[in-house]
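Chemist: Got a predicted structure plus its sequence, pasted below:
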Amino acid sequence: MNEFLLIFRRAFSSPEEQPSPEMMQQSIKQWQDWFGSIAAQDKLVRPLQRWDLEGRVVKKDKDVINGPYAEIKESIGGLILIRAKDYDEAVEIAQGCPILALGGNVEVRMAVTPQV
Amino acid sequence: MYCSWATCPDFISMNESDLLPHLFRTEYRKMVSVLSYLFGIEHIETAEDIVSDTFLSATESWSIKGIPENPAAWLYTVAKNKTRNYLRHHTVFEQKLVQQIQITTEKTAEINLDLSDQNIKDSQLAMIFTICNPAISGASQISLALNILCGFGVQEIADAFLSNKETIYKRLKRAKEKLKEDQIKIEQPQLSEINHRLETVLTTLYLLFSEGYYSVSHNTTLRKDLCAEAMRLNFLLLENPKTNTPAVNALFSLMCFHSSRFEARIDPEGAAILYEDQDEQLWNKELIEQGIHYLNQASTGKNLTKYHLEAAIAYWHTHKANTFEKWDNILQLYNQLLVLEYSPIIAMNRTFALTKVKGKPAAIQEAEKLNLANNHLYFSLLGDLYTGIDNQKALLHFNKALEMASTPLDKKVILKNIGKLQSLPPSL
């Protein structure tokens, strides 16, 4: 078994385009079902951490802008850590992620164990 | 508010032969706790000896002189005298102890055995925290809790664990030695460490309750007693403002909901009756009301514990009708429970809830991913899911489950399901 990082991204061009609380409420069940499904297989290593919607971006000239929305096309919505045999299995799990239906994407990365 | 459904028998109507065992059950633990609280863990056996000796005196005296007007007060007085005598005859012990007690409580000279209501409660609470200590194993914690906090004899504990007296005796002895070795103090827990230490205590109480509720023992009275004791100890925590936390309320609520079905889930022979087949008229409405009350009490603060989630699931199970709302809620609760803590049983229960919300095909997809091939319940679940979808597959799974099941009850349930399967029209 390997550990994989699943990062959900969505396009947030402005804070106003973020889902309303009503929409969030609607999709909560889908997310819960998805998390429950992964956890039921004993493959959830680290549950979802919630992040606020404010954000800061530090640019190469050390300038700081408020929120990733203006200049970054896509921003992190959240991330979890799962256990899977290989990329095939991790990807199959990622394909159930509700962010896809919202137009987002999931980045899948395998954890590397340092060589001794 | 709380009253145990194993109601306390009335003193007055009792004759001598019932009275002593009853007093032993209710008073032994109080006196042992108070004495241990006073003496410290290293002298726990002395405390037990003094209390046992007190009961021996009661047996002798009461059979000649008859039962005193206030039997409990009689026991307390005798225990106090015996303690004083013991200390007089063990002056070295007394000197050490007096020193120690003076340091900790600022009491002087004569040691007074305080058997007031408040001190009994304080002592028992301190004792709960001493016994539910990760230094000793879960099984040892439960055995010791039953012995010292609940006044169960070695034989009764052996019966509850389907074990023998020697094993339990050794387990108790080893556990006490370990607590002494590690110099675990018998003291009121500090407010700053309450939440952390309560976790272990709640785990033990949860296990104690489960031992009674799910025990393989057919002794229904004993099983009920275990549950009642777990509830009594849990209630002790609720009575103290320091330990009256949301999690403690949630666990108590869970126990109320579960025990509300106690009468309905065991047939006169002591065999289990499945939820679906239970007569809901036998569910105890008073306990359900209390479960709701304590679940509301638990709904403060930020911490959502597994007891909250399990209590909420148990709440929904007090509605027998299979509404969408019921199963939709249960599914979400199981999802959250699994994210908090994985267990194969919860994973299977979640899949069952999924069937009720999203139908069998969706649930089969999820069930196939569970990877629990060493668990007969898993094959029962698959058999159940495939029934009416693919009866041949269902039969294969049921047969596999039958092969792996070890208890007669499990086999009986599986055979019943196979019977149901075979009575279905072949077109399905």
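Modeler: The structure has been received and is ready for your questions. Numbers count the residues shown, from 1 in each chain, chains lettered A, B, ... in the order given.

Chemist: In chain A, which residue sits nearest chain B?
Modeler: At 2.9 Å from chain B, residue A:36 is the closest residue in chain A, using C-beta to the nearest C-beta. Any C-beta I mention is one placed from the backbone N, CA and C, and that applies to glycine too.

Chemist: That residue should be in a helix, yeah?
Modeler: Yes - membership of residue A:36 in a helix is supported by DSSP: H, G, I helix; E, B strand; the rest coil.

Chemist: ok, it - how many residues close by?
Modeler: Using other C-beta atoms under 10 Å in any protein chain shown, residue A:36 is surrounded by 27 other residues.

Chemist: which residues touch it?
Modeler: Contacts here follow C-beta atoms under 8 Å, 6 or more residues apart in numbering or on different chains; on that basis residue A:36 touches B:331, B:334, B:335, B:336, B:338, B:339, B:350.

Chemist: Check residue B:59 too.
Modeler: So residue B:59 contacts residue B:20 (C-beta under 8 Å, 6+ apart).

Chemist: Ok, residue B:405 next?
Modeler: B:376, B:411, B:414.

Chemist: ranking those by neighbours, who comes first?
Modeler: Counting neighbours by other C-beta under 10 Å, residue B:414 leads those with 24 neighbours.

Chemist: ok, for the residue of chain A closest to chain B, nearest residue in space, not its chain neighbours?
Modeler: Closest residue to residue A:36 apart from its sequence neighbours, by C-beta to C-beta, 6 or more residues apart in numbering or on different chains: residue B:335 at 2.9 Å.

Chemist: isn't the one you found right up against residue B:350?
Modeler: Yes - contact criterion C-beta atoms under 8 Å: residue B:335 and residue B:350 qualify, at 6.7 Å.

Chemist: Pick out the residue of chain B closest to chain A.
Modeler: Going by C-beta to the nearest C-beta, chain A is nearest to residue B:335 of chain B, at 2.9 Å.

Chemist: That residue: what's it in contact with?
Modeler: Counting by C-beta under 8 Å, 6+ apart, residue B:335 makes contact with A:32, A:33, A:35, A:36, A:39, B:350.

Chemist: name the element residue B:136 belongs to?
Modeler: Using DSSP states H and E, residue B:136 falls within no helix or strand.

Chemist: SS state for the residue nearest to residue A:36?
Modeler: helix.

Chemist: Same list (the contacts of residue B:335) but as CSV, adding distance to residue B:179.
Modeler: CSV is the format used below for the contacts of residue B:335 (distance: C-beta to C-beta, whole Å):
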residue, distance to residue B:179
A:32, 42
A:33, 45
A:35, 40
A:36, 40
A:39, 36
B:350, 38
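
Chemist: Take the residues you listed and lay them out in a markdown table including pLDDT and distance to residue A:7.
Modeler: Converted to a markdown table, the contacts of residue B:335 look like this (pLDDT from 0 to 100; distance: C-beta to C-beta, whole Å):
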| residue | pLDDT | distance to residue A:7 |
| --- | --- | --- |
| A:32 | 92 | 19 |
| A:33 | 94 | 20 |
| A:35 | 96 | 15 |
| A:36 | 96 | 20 |
| A:39 | 96 | 19 |
| B:350 | 96 | 26 |
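
Chemist: Got a ChimeraX select line for the buried ones in those?
Modeler: Buried residues within these, by 16 or more other C-beta atoms under 10 Å in any protein chain shown, are selected in ChimeraX with:
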select /A:32,33,35,36,39 /B:350
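
Chemist: and of the contacts of residue B:335, the nearest to residue A:94?
Modeler: residue A:35 (12.9 Å; C-beta to C-beta).

Chemist: ok, that closest one to residue B:307 distance?
Modeler: Distance from residue A:35 to residue B:307, counting by C-beta to C-beta, to the nearest Å: 20 Å.

Chemist: what about the chain, any weak spots by pLDDT?
Modeler: Here I'm looking at chain A. For chain A, residues meeting the criterion pLDDT under 70 lie at A:12-22, A:24-25, A:68-72, A:116.

Chemist: The chain in question should be chain B.
Modeler: For chain B, applying pLDDT under 70 flags the ranges B:1-17, B:91-111, B:216-218, B:426-428.

Chemist: quick one: which helix or strand includes the residue lying closest to residue B:239 once chain neighbours are set aside?
Modeler: Counting by C-beta to C-beta, 6+ apart, residue B:121 is the residue found nearest to residue B:239 once chain neighbours are left out, at 6.8 Å. Secondary structure assignment for residue B:121, by DSSP H and E: helix B:117-131.

Chemist: Equivalent analysis for residue B:38, please.
Modeler: Element membership of residue B:38, judged by DSSP H and E, is helix B:16-39.

Chemist: returning to what we had before: which outside residues touch the helix holding residue B:121?
Modeler: By C-beta under 8 Å, 6+ apart, helix B:117-131 touches B:29-30, B:33-34, B:36-38, B:41, B:141, B:144-145, B:148-149, B:179, B:184-189, B:197, B:201, B:204, B:233, B:236-237, B:239-240, B:243.

Chemist: Also stretch B:134-142?
Modeler: Contacts for stretch B:134-142 (C-beta under 8 Å, 6+ apart): B:131-133, B:144, B:161, B:171-172, B:174-175, B:178-179, B:182, B:184, B:200, B:203-204, B:207-208, B:211.

Chemist: Just these: which are in strands?
Modeler: Using DSSP state E, no member of the contacts of stretch B:134-142 falls in strands.

Chemist: Please pick the buried ones from those.
Modeler: B:131-133, B:144, B:161, B:171-172, B:175, B:178-179, B:184, B:200, B:204, B:207-208, B:211.
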